[in-house]
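Asks: sequence-free structure coming up:
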């Protein structure tokens with residue numbers, strides 16, 4: 001059996017939110033490719049349905065958004081300035097700015113994040129070290145993000161290895177991006193603090209099954225508290 005990534009949540013995070021937990025899914029022997037047409041169609045249809053809902057619905061009406069805004073506030077992050085990744089995606093869809101296809105892994109990651117109203121992050125295992133730490137950023141934590149900008153991650157919730165920060169529920173880094181060359185990956189699922197253990201376990205199994213149905217390979221998952 002392939003090794004899993006060892007994940008630790010920093011004591012500062014746990015002291016602020018005792019019920020904070022994160023799901024970690026490790027994939028091996030996967031094949032990332034252009035997104036299959038059937039999946040592209042499903043993701044597009046899902047976005048169109050969301051856009052219709054958003055015509056008469058406020059973003060704050062989404063339970064996942066309101067919960068993650070509260071979580072950010074508790075962690076000292078201004079949710080009006082820094083948004084959970086899935087909220088940023090929803091804001092685009094509200095403007096009928098549908099998400100472009102990147103590859104099968106990134107597209108599925110975005111779909112799952114929108115569907116479950118939870119920040120998801122997918123990372124190339126060859127680009128990150130083991131163990132991984134979930135912590136609050138320091139003044140040394142900066143990286144070039146997938147948004148094309150240099151991101152100052154001080155004071156923000158992030159994921160890091162021995163080289164420093166590589167991901168966040170706000171924006172991920174280019175260092176850890178998944179491409180068609182990726183054969184092993186780490187999926188981080190920022191579980192809503194209100195979810196119970198059974199909900200969390202079912203969600204991770206569902207995500208792992210769906211991801212490997214598309215990409216092949218195997219997965220192992222764990223919930224870290």
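Replies: Everything's here; your move. Since the structure is predicted, the reported quantities are computational estimates derived from the model, not experimental observations.

Asks: is the residue nearest the centre of the chain bridged to anything, and to what?
Replies: A centroid search over the chain (C-alpha atoms, centre = their mean) returns residue 120, at 1.5 Å, as the residue closest to the centre. Beta-bridge pairing for residue 120 (DSSP bridges): residue 189.

Asks: the residue most distant from the middle of this structure, which is it?
Replies: Most distant residue from the mean C-alpha position of the chain: residue 56, 26.7 Å away (C-alpha atoms, centre = their mean).

Asks: so what's the residue count around residue 179?
Replies: Residue 179 has 12 neighbouring residues, counting by other C-beta atoms under 10 Å. The C-beta positions use only the backbone N, C-alpha and C, and glycine is treated the same way.

Asks: residues contacting it?
Replies: Residues in contact with residue 179 (C-beta atoms under 8 Å, 6 or more residues apart in numbering) are 32, 103, 124.

Asks: likewise for residue 218?
Replies: Counting by C-beta under 8 Å, 6+ apart, residue 218 touches 2, 27-29, 212.

Asks: now, those that are in helices?
Replies: residue 212 (DSSP state H).

Asks: make a markdown table from the contacts of residue 218 and add pLDDT and distance to residue 185 to it.
Replies: Below are the contacts of residue 218 laid out as a markdown table (pLDDT from 0 to 100; distance: C-beta to C-beta, whole Å):
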| residue | pLDDT | distance to residue 185 |
| --- | --- | --- |
| 2 | 69 | 12 |
| 27 | 98 | 5 |
| 28 | 97 | 9 |
| 29 | 98 | 11 |
| 212 | 98 | 11 |
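
Asks: give me the below-cutoff pLDDT ranges for the chain.
Replies: 1-2 (pLDDT under 70).

Asks: mind listing what the residue farthest from the centre of the chain touches?
Replies: Residue 56 neighbours (C-beta under 8 Å, 6+ apart): none.

Asks: I'd guess residue 175 is in a helix, am I close?
Replies: No: under the criterion used here (DSSP: H, G, I helix; E, B strand; the rest coil), residue 175 is coil, not part of a helix.

Asks: who wins for neighbours among the contacts of residue 179?
Replies: When neighbours are counted as other C-beta under 10 Å, the busiest of the contacts of residue 179 turns out to be residue 32, with 24 neighbours.

Asks: that older thread, quick one: buried ones out of the contacts of residue 218?
Replies: Among those, the ones that count as buried by 16 or more other C-beta atoms under 10 Å are 27-28, 212.

Asks: which of the contacts of residue 218 sits closest to residue 50?
Replies: Set against residue 50, the nearest of these by C-beta to C-beta is residue 212 (25.5 Å).

Asks: what sits closest to that closest one if chain neighbours are left out?
Replies: Nearest non-adjacent residue to residue 212, counting by C-beta to C-beta, 6 or more residues apart in numbering: residue 219, 5.5 Å away.

Asks: the one you found and residue 206 touch, don't they?
Replies: No: using C-beta atoms under 8 Å as the test, residue 219 is too far from residue 206 to be in contact (11.4 Å).

Asks: helices of this structure, start to end?
Replies: Under DSSP H, the chain gives helices at 11-16, 37-55, 63-74, 85-94, 104-116, 197-215.

Asks: any chance of these in JSON lines, plus distance to residue 138?
Replies: What follows is the helices of the chain, written out as JSON lines (distance: least, C-beta to C-beta, whole Å):
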{"stretch": "helix 11-16", "distance to residue 138": "11"}
{"stretch": "helix 37-55", "distance to residue 138": "36"}
{"stretch": "helix 63-74", "distance to residue 138": "18"}
{"stretch": "helix 85-94", "distance to residue 138": "21"}
{"stretch": "helix 104-116", "distance to residue 138": "26"}
{"stretch": "helix 197-215", "distance to residue 138": "29"}
